[in-house]
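Peer 1: Provide a 3D model corresponding to the input given below.
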Amino acid sequence: MNGQPDAGEPTLQPTSNSKRPPLVRIVGFSVLALGIICLALWGIVLINSGNLMAGTPNLTATARAEIDISCKQLVELAMQESEAFCQNIGTNQLCYGNFSIEADLAQGANADFSERGDVIDVDILRRLSAAPLDLVTQAWGIAVFKVTANLPRSLPGQTVTVLVFGNTTLNKDQPGLHTFYFFSDTGQVICDEVPFDGLFITMPDGVGAQFNINGAELVLTGTASITATLGEGMNISIYSGSAQVTADGQTQIFGPGQQVSIPLGGPNGMQAVGPPSEPALLSEQELALACTLSGENCQKDPIPTLSMTDLAATVESEFGPTIAPGETLPISANTPVNTATALASPTSFPTATLAPSRTATFLPTWTNTKKPPEPPAPTNTPIPPTNTPTNTPTNTATNTPTNTPVDTPTSIPTPLSTCGSVSLISFSGTQLSINITNTTGAIITLNTLLVNWIDEPANQRIQDVSFDSISIWSGNDNNTPSLFEFTGPTGDRQIVNGSSATLALTFAEPLASGDYNVTATFDTCTASQSGTLP
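Peer 2: This next block holds a predicted model:
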């Protein structure tokens, strides 16, 4: 009552800022620091995940332009590196193009596939995974397949190139690359130049191939890209040529400028579980990918499409009669296509750093194949006389054929004449050679070369073909017999009348004992010789 506190009442002391409890200041600073750290970490996550490229509202035009430039530089560099390291890839082989690629090989396979430029046979591959494009580590996985064109109307010796790029995994359990499963992870693409990951298939004109991809039968000519998302669907986009795809018992034909999708599901999420859709027009993203990987359609103008009538006529001219639903086209007997079984889903792999750039031509100038046609028949093979039955017995045998005309089928090509004299095969360490003398009366040009050789030891392969000491082919052809088709300038492959030239093949290892045969086909004649190395 007199203004003094009661004895049991606590006394309240005045406070000031200098007397504020330390705990309050500590908590305040801690919250502020934690907030700054969280903002910084969130910014890093956004950059690495590519969300900034998706159009974050606060991203400045300058920042986006810088990311676009970085992406373009990385993509161009990766393509150049792949071209340089894979220029000598052979038929039915796989090349490690650009970081980072991981591969599982068949049990017992003795091959190295860990660095750019490594080449292995397609037959021993079981699983392959390419890394996504990453601006931080400068990585973008690229693998290059070169496989035999397996449709009957394909020209002999022609091949198909299959590019696996970005965050894509491919599984197979059979020889070759005509039956496989694959998928691409989503949400990893950060560059306009490569708006999605997957496969890119190219082939020369007049060439066709049949694939069983994720359980769907695809018959293709021209250029195409394919994407597949686990448990969702597979999209097939055509930039040139034409295609037929069969899934769930139904067939769809489509052509340039069109895309068809197929639903995926099943135990592994990669199995075609429904029919193909009606064709739809390609988007700007598909056109951008074609520009990046092939240099075509860079104006991003819509590709002119064909009417269904014209498309059906085009398909029939390329493949034969249009296949009915539930059927597949006949393919080369030398390259069977079997239906694959479901494979386990793969896991992800680490990335690596890109090495300095190198430029080169993407595919070798000269091509070869392991499944050659039969060599031309020699001209001195006589046509047997027609056996005309007669009731008049005779004891006089004669070899003179009758004047009865012989109907020669038009499908049998006229054999080429012989070029002149051909020396015996000369063997020397890792090289075999023949000398050809031109007596045709005109200049002759070498077009193809067929070689049967002994495939021993296991790593034996042809590395170089030279004509009068000038290399006209280089690479790694490791399966006999080998067929080389030469194109381009002809000056290094000619023999003038009355002159001779030496055709030599250089192998990786000393030649093994056995029988060898060389058949050189020129534009107007052939030269063939056999030999045995003791």
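Peer 1: when you work out contacts or count neighbours from here on, use the C-alpha atoms and nothing else.
Peer 2: Will do.
Peer 1: for residue 503, see how far away residue 449 is.
Peer 2: 10 Å (Cα to Cα, to the nearest Å).
Peer 1: quick check: end-to-end length of stretch 82-96?
Peer 2: 8 Å.
Peer 1: then stretch 451-464 to CSV, C-alphas only?
Peer 2: C-alpha atoms of stretch 451-464 as CSV (Å, rounded to 0.1, in the frame of the first residue of the first chain):
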residue,chain,number,x,y,z
VAL,A,451,38.2,-62.0,-98.9
ASN,A,452,38.0,-65.4,-97.2
TRP,A,453,40.6,-65.7,-94.5
ILE,A,454,41.4,-67.7,-91.4
ASP,A,455,40.0,-66.1,-88.3
GLU,A,456,42.8,-67.0,-85.9
PRO,A,457,43.9,-66.0,-83.3
ALA,A,458,40.7,-64.7,-81.7
ASN,A,459,41.7,-61.0,-82.1
GLN,A,460,42.6,-61.4,-85.7
ARG,A,461,41.2,-58.7,-88.0
ILE,A,462,41.8,-56.8,-91.3
GLN,A,463,43.1,-53.3,-90.6
ASP,A,464,44.1,-52.0,-94.0
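Peer 1: what residues does it touch?
Peer 2: 471-483, 505-509, 511-519 (Cα atoms under 8 Å, 6 or more residues apart in numbering).
Peer 1: at 6 Å instead, please
Peer 2: 473-478, 480-482, 505-509, 512, 516-518 (Cα atoms under 6 Å, 6 or more residues apart in numbering).
Peer 1: repeat for stretch 119-139
Peer 2: 92-95, 99-106, 140-141, 166-173, 175-176, 351-354.
Peer 1: out of the residues you listed, which are buried?
Peer 2: 92-95, 99-103, 105, 140-141, 166-173, 175-176, 351-352, 354 (16 or more other Cα atoms under 10 Å).
Peer 1: and for residue 192, the neighbour number?
Peer 2: Applying other Cα atoms under 10 Å, we find 16 residues neighbouring residue 192.
Peer 1: SS state for it?
Peer 2: What DSSP: H, G, I helix; E, B strand; the rest coil gives for residue 192 is coil.
Peer 1: just the pLDDT for it.
Peer 2: We have a pLDDT of 79 for residue 192.
Peer 1: from the buried ones among the contacts of stretch 119-139, which land in strands?
Peer 2: The members of the buried ones among the contacts of stretch 119-139 that map onto strands under DSSP state E are 93, 94, 95, 101, 102, 103, 105, 168, 169, 170, 171.
Peer 1: how about the residues you listed in a markdown table, adding pLDDT and distance to residue 231?
Peer 2: Converted to a markdown table, those look like this (pLDDT from 0 to 100; distance: Cα to Cα, whole Å):
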| residue | pLDDT | distance to residue 231 |
| --- | --- | --- |
| 93 | 96 | 30 |
| 94 | 97 | 28 |
| 95 | 97 | 29 |
| 101 | 96 | 24 |
| 102 | 95 | 23 |
| 103 | 96 | 23 |
| 105 | 95 | 26 |
| 168 | 96 | 15 |
| 169 | 96 | 15 |
| 170 | 97 | 15 |
| 171 | 96 | 16 |
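Peer 1: taking those residues together, which two end up most distant?
Peer 2: 93 and 168 (18.7 Å; Cα to Cα).
Peer 1: quickly list what the residue lying closest to residue 111 once chain neighbours are set aside is bridged to.
Peer 2: Spatially, and ignoring its direct neighbours in sequence, residue 111 is nearest to residue 120 (6.7 Å; Cα to Cα, 6 or more residues apart in numbering). Residues in a beta bridge with residue 120, per DSSP bridges, are residue 94.
Peer 1: and residue 120, how many neighbours?
Peer 2: Neighbours around residue 120, by other Cα under 10 Å: 22.
Peer 1: could you do the one 10 residues further on as well?
Peer 2: Counted with other Cα under 10 Å, the burial measure for residue 130 works out to 31 neighbours.
Peer 1: and residue 178, by the same measure?
Peer 2: Residue 178: 24 neighbours (other Cα under 10 Å).
Peer 1: surely it is in contact with residue 214?
Peer 2: No: in this structure, residue 178 is not within contact of residue 214 by Cα atoms under 6 Å, at 11.0 Å.
Peer 1: next structured bit after whichever strand or helix holds residue 127?
Peer 2: Assessed by DSSP states H and E, residue 127 sits inside strand 125-130. For strand 125-130, the following helix or strand on the C-terminal side (DSSP H and E) is strand 142-148.
Peer 1: who's in contact with that following strand?
Peer 2: By Cα under 6 Å, 6+ apart, the residues outside strand 142-148 that reach it are 91-98, 159-165.
Peer 1: now with 8 Å?
Peer 2: So strand 142-148 is contacted by 78, 82, 86, 89-101, 122, 130, 157-166, 176-177, 369 (Cα under 8 Å, 6+ apart).
Peer 1: out of the residues you listed, which sit inside helices?
Peer 2: 78, 82 (DSSP state H).
Peer 1: pretty sure residue 291 sits in a helix.
Peer 2: Yes: membership of residue 291 in a helix is supported by three-state DSSP.
Peer 1: okay, and for the stretch 401-534 of the chain, where does confidence drop off?
Peer 2: 401-416, 488 (pLDDT under 70).
Peer 1: that one: strands as residue ranges?
Peer 2: Secondary structure of the stretch 401-534 of the chain (DSSP state E, counting those that start in this stretch): strands located at 417-418, 420-422, 426-428, 431-438, 444-452, 462-467, 470-477, 482-485, 494-495, 500-507, 514-522, 525-533.
Peer 1: figure out which of the ones you listed is closest to residue 232.
Peer 2: strand 470-477 (39.7 Å).
Peer 1: in its sheet, what does that closest one sit against?
Peer 2: strand 462-467 (antiparallel).
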